[in-house]
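Undergrad: How does the following fold in three dimensions:
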Amino acid sequence: MGKERNIGIAMDYSSNSKVALKWAIDNLIESNSGDILIIIHVLSPKSDQTTNKQLFEDTGSPLIPLEEFKDINVTKQYGLIQDPEVVNILDMASKTNGTKVLIKVYWGDPREKICGAVDDLKLNSLVLGSRGLGAIKRVLLGSVSNYVVQNATCPVTVVKGK
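TA: Numbering: from 1, shown residues only. The predicted model follows:
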């Protein structure tokens, strides 16, 4: 039983971010170690006009415990759409591994907000999924994972989808 770690997972509910979540739970979380799994959501400031966004746009939401996150009204307050598959995965990790699960919502550019979250949440490790863009699309569209790998101040694992 070692020192507890803060492990961040960037989540956008895509199939690749779900693969990254499962990978992190299977490969990084140790049973009864006191590890804290922090799910990081970054929403577009233009698409979300909730009151909570207006309150927490600069700093991000308070940390939301999994039990509160399961309440659909709480997720709606933050402009999130609840994904039952993700909630089940998190619930199972919490119950079987004794892992504490927290959720944090940010608004803005995912690249900058995810890198900011590393320092804000004092993450020991960050895991994110990759869309698997080819070289040309990556140049044209930019790559969140490339940016985060180059700029984050903690170890980053990029998990590619199938």
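Undergrad: Phi first, then psi, for the nearest residue to residue 117 once chain neighbours are set aside.
TA: Distances taken as C-beta to C-beta, 6 or more residues apart in numbering place residue 40 nearest to residue 117, at 5.0 Å, with adjacent residues excluded. For glycine as for every other residue, the C-beta is placed from the backbone atoms N, C-alpha and C. With angles defined as degrees, to the nearest 10, residue 40 sits at phi -110, psi 120.
Undergrad: show me the contacts for residue 40.
TA: By C-beta atoms under 8 Å, 6 or more residues apart in numbering, the residues touching residue 40 are 8, 9, 10, 11, 104, 106, 113, 114, 117, 121.
Undergrad: Which one of these sits in the busiest neighbourhood?
TA: Among the contacts of residue 40, residue 9 has the most neighbours (other C-beta atoms under 10 Å), with 30 neighbours.
Undergrad: what about it, which SS state?
TA: For residue 9, the assignment made with DSSP: H, G, I helix; E, B strand; the rest coil gives strand.
Undergrad: And residue 95, by the same measure?
TA: Per three-state DSSP, residue 95 ends up helix.
Undergrad: Can you get me a residue count around it?
TA: That count, for residue 95 with other C-beta under 10 Å as the rule, works out to 9.
Undergrad: what's the spacing between it and residue 66?
TA: 10 Å (C-beta to C-beta, to the nearest Å).
Undergrad: what do you get for residue 45?
TA: Per C-beta to C-beta, residue 45 is found 25 Å from residue 66.
Undergrad: do residue 111 as well
TA: 26 Å.
Undergrad: pull the helix or strand with minimum mean pLDDT from the protein.
TA: helix 135-141 (a mean of 46; mean pLDDT, DSSP states H and E).
Undergrad: Fine by me, thanks again.
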